[in-house]
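**Student:** A structural model of the following input is requested.
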Amino acid sequence: MAFKQLEERLDPNFYDNYLEIFGGIKEPFHSTLKYMLDIAATLDEVKLGKEYVLYGGYGVLTHLADQFGERIIPTWRGSHDIDIIGTEKVAGTLKSFYNIQNGSKNHNVGGKRTLHIVGEDSECKVDLSLKNQKEYLEYREEKNLFGVPISVLNPYKIIRSKLNLYQEEPINKEGRLKHDIDILTLLGIIQLKNGTIGEVVEGLNLNMRADLLRILESGKGVTGNMRMNFGPKPEFRKLLTKYLKQHKVN
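**Tutor:** Presented below is the predicted three-dimensional model:
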């Protein structure tokens, strides 16, 4: 059974929805999402649910599905890799439960290991970061998709991690657009949860604030590429834009 832990942890009440939703998802998104859920179920089974967090694209998807329900999943852009911050115990568990090939350190990002999981009929890439794990695990939230408990970085910290990417490594136009869309999506979720402007900008340096302002002012250049517009409402966008223009220093 390729996704044993996932199939054992699926809530029977969600099973029909699970089949319908995955029936509408294409590869590689289809298999990668199953691996994400299976990994979350595995880490919960061995009592390591508090020693990792999802971030990156699948962190965004987890918040999106938590806010709007699992049926929103097929509207998301999809991704072929899973980003996790975790402990050495998490790294050891993944290597024990999955067939890992070509596991290597990512020399572009310190403390990150790339794990290539190969199954019978599918595969996926997991970028596991051991850097700053204590700091990030403090901002862990627990969500639940299809009955599977998932540890995820809170939306504010995911936004910060994505803004930080612009400073750490070169990103092509397509990659930048994906990050921009994810950031707007998270801002929309933050607004729906009555988050504040102060919480959004807390800890952002000058360059991060400049990139966030660029995204907010991009208008249809970004939102025109969103399959569904989950971004912030105009009033929240205007208030955040005004704040960033008025506070151009840390």
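
**Student:** quick one: buried residues of the strand or helix carrying R237?
**Tutor:** Counting by DSSP states H and E, the secondary-structure element that holds R237 is helix 234-246. Neighbour-count burial for helix 234-246, with 16 or more other C-beta atoms under 10 Å as criterion, is recorded at 236-237, 240, 244. (Each C-beta comes from the backbone N, C-alpha and C, glycine too.)

**Student:** the longest helix anywhere in the chain: how far from the chain's middle?
**Tutor:** Within the chain, and with DSSP state H defining each element, the longest helix by residue count is helix 173-192. Centre-to-centre, helix 173-192 and its host chain are 11 Å apart (C-alpha atoms, centre = their mean, to the nearest Å).

**Student:** just stretch 154-165 next, same as before
**Tutor:** 9 Å.

**Student:** helices or strands up against the one helix or strand S96 maps to?
**Tutor:** Element membership of S96 [criterion: DSSP H and E] is helix 88-97. Packed against helix 88-97, as judged by 3 or more C-beta pairs under 8 Å, 6 or more residues apart in numbering; DSSP states H and E, are the following elements: helix 29-45, strand 112-118, strand 123-129.

**Student:** pull out the buried positions in that helix.
**Tutor:** Applying a neighbour-count criterion of 16+ other C-beta under 10 Å, the buried positions in helix 88-97 are 90-91, 93-94, 97.

**Student:** name the helix or strand of the protein that has the lowest mean pLDDT.
**Tutor:** Considering only helices and strands, the least confidently modelled element of the chain by mean pLDDT, DSSP states H and E is helix 220-223, at a mean of 57.

**Student:** centroid residue for this protein?
**Tutor:** Of all residues in the chain, the one closest to the mean position by C-alpha atoms, centre = their mean is G59, 2.0 Å from it.
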